[in-house]
Structures are given as C-alpha cells and as structure tokens.
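> Okay, sequence plus prediction incoming.
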Amino acid sequence: MRLNAVSCIMLALCCGCVGVRSDSVEVADVDGSGDHRIFRVGALTQIMMEPVLWRLEDSKAVNFDRPVTACLKDSLPPEFENITLRQLHDGATGLPRTLRDPWCLADLLSVCAFRGAGFGVPSKFESRREFVRSLWDVRVRVALRRNPPGRSEVGYALLLMAVSDVTGRSLEDLCQAYLVEPYGLRDTSFAPPPGMVTRLAEPRTALLPWLLFLPGPDVLRMDDATRCVGGLFTSAYDVLRVCYVVLPHLVRMRQLLDERELPCGRRVLCRTDEGGPCGAFVGFDTKDRHAALLLRNVVGSPLGDGLDMMERLANPPQD
C-alpha cells in the first residue's frame, strides 16, 4: 500500500509541476531515479561531498583535527591557527555565512538585484588567491573572534581547498576516486565532459512565474571558491544514490541540514539551494527512511514544494 501511494504521489508531482514552457525541467523522485539529466546543484554539492570527506577521514588520509593553517598551502592570518578542519566542516567558527561581502554595499545590491530577478548571485572571486586574500580583511578577522558559530560557505570552501592541498589531488580527482567510482555514479563531476554538458538542464529565470522564461547564468563558469561550495554537476539518479548512502549516518553531517516540522507533525531534515543556478531540494525522513529530491532548472528556492512532497510521503492521501 505504501509503494502504491508513493508511486501515485510521484506521478502527480512529475506531471503537474512542469511549467507551460518546454524549456522548463523538473525532476521529483523518492527512493531512486532513472533520470540522467544534468543540473548544477548548488548547495547540494556539500551533501554529495560528505562520503568523500568520510572516506578520507576513515582511511586516515586526512586528519581533520589538524589546524587549517597546517594544511593549506596559502598563508592565513594568526586567527586561523586554532581552527581545525573539523571545525570548518562542523560550522564551529564565526566565519562569514556566504561568499558575498556583508559589509560591501555593491555586493548587497547585487544580491538583491540578481536574486530578485531569479538569478543566482554572481561569483565574487576570480581566483583562489583572491579568496584567501579576502580572509586577511580586518573585518573577517574581528568577526571570526566575535561571531557565534554557524554554517559558513567561506569555511566550507576553505575546508575543501585544505583537503585538496593535503591529498595533493584536485576536487575532480577526489570526487572521482571517493564518490563516483565507489558508489557507481554516472553523471557527477566538477568538470563535466561534453557528453554530460549535452544533457544539462540549462537554468532559466522566471518573470511572472511560469509564463516567461529567460536564459539563466552560465553555469559552466565558476571561480574556485564557488566551485567548492556549489559547483557540482549531477543528476537525480546520482543524488538519490548518495542520499541513501548518507541516510544512516546523518549525525556526521547534521550541521549541513535544516530541521523542519511538517503539517502532520513529522520532523524532517533537509537542505535547499537558495541562490544557485537551479532550484534544488533534498529531504530526509529518518522515521520512514525516505530521501526525497526535487530538482528544477527554473532558478529559485523549491523549499515549499519540497516540504509539500515530504508531507505527502509521511501522510499519504487516503484512497
């Protein structure tokens, strides 16, 4: 009975959520997917990279209790000497929450303008060197001492750069060796080859939602910091395979997830991309052991639709 209800829910979602234009694409799946269309999944990159970090730690290839200053090739300010890779991973620092400069009026205006139009926020740093140089800003250093701990894109980018330096391998190499090959993924890459690019669901921005679609940002162009926190290309097929790898071990990645209460009273964990090149949502129901995924190429947060999807899973409509 459960499988019939889930199947009906997913059929309704997939048939009913696609917009009036043929260039809008949406994938909504639970428990597995056969869809191999490619999306750049933004913040879901961090969920996908968790098995990579776990494998590196469990094999002792990387010691996450070492200070980041001992792992990164670039020079960091003294304030970073007592910050470990684990603290960066766990969001246990006061580093800025986003890659945008919270003190720069131009950055704030660009966030409002681009997100208001439905686009992901443009890249800020042209290179890794520029990103690391920004950490020497006195405002970042003061904030690091005074701000409460919290999830940080800056900290996560720094973490992956340090892991890459310690292992001597690029993000793409780490992804292939510790994620794609062990779990049989077919469509996941930081540097998608031409065969993958042809399957890319190119981002669209909606003006008068679902009535007019315009080309979205060029998702293939990224700076080093953006690539670390949101630059992975993948498919629904691959994301859900990884979701069921991490589902029994969510305690190891709890800081990457938000807790939400559904109308039925069930509490679920989820992560939503809120400004990347597509709409991406993944949710975990730890009681019924379900993972739910929603991907769409129309830019914007699908949080509401994703939670509605999980509500129907936890509380299926009665026949």
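Cool, the structure landed.
> ok, R169 - contacts?
Contacts for R169 were tallied using Cβ atoms under 8 Å, 6 or more residues apart in numbering; they are A177. For glycine as for every other residue, the C-beta is placed from the backbone atoms N, C-alpha and C.
> Can you tell me how far it is from L160?
Between R169 and L160 the computed distance is 11 Å (Cβ to Cβ, to the nearest Å).
> Also V251?
Distance, V251 to L160, by Cβ to Cβ: 21 Å.
> neighbour-wise, which of those two wins?
L160 (25 against 6; other Cβ atoms under 10 Å).
> helix/strand/coil for the more buried one?
Following DSSP: H, G, I helix; E, B strand; the rest coil, L160 is assigned to helix.
> would you list every one of the helices in the stretch 151-300 of the chain?
For the stretch 151-300 of the chain, the helices defined by DSSP state H, counting those that start in this stretch occupy 153-167, 171-175, 181-183, 194-197, 224-230, 236-246.
> how about those, which one is nearest L88?
With Cβ to Cβ as the criterion, L88 lies closest to helix 153-167 of the helices of the stretch 151-300 of the chain, at 4.0 Å.
> Count the residues that sit near L247.
15.
> Can you give me every residue that contacts it?
For L247, counting by Cβ under 8 Å, 6+ apart, the contacting residues are F284, T286, R289, A291.
> and what of P149?
By Cβ under 8 Å, 6+ apart, P149 lies in contact with G91, A92, T93, G94.
> among those, which ones are buried?
With burial judged by 16 or more other Cβ atoms under 10 Å, the buried subset of those is G91, A92, T93, G94.
> and of those residues, the nearest to G300?
Nearest to G300 among the buried ones among the contacts of P149, with distances taken as Cβ to Cβ, is G91, at 24.7 Å.
> Including distance to G300 and mean pLDDT, could the helices of the stretch 151-300 of the chain go into CSV?
Formatted as CSV, the helices of the stretch 151-300 of the chain follow (distance: least, Cβ to Cβ, whole Å; pLDDT from 0 to 100):
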stretch, distance to G300, mean pLDDT
helix 153-167, 19, 97
helix 171-175, 27, 97
helix 181-183, 29, 97
helix 194-197, 23, 92
helix 224-230, 15, 92
helix 236-246, 18, 97
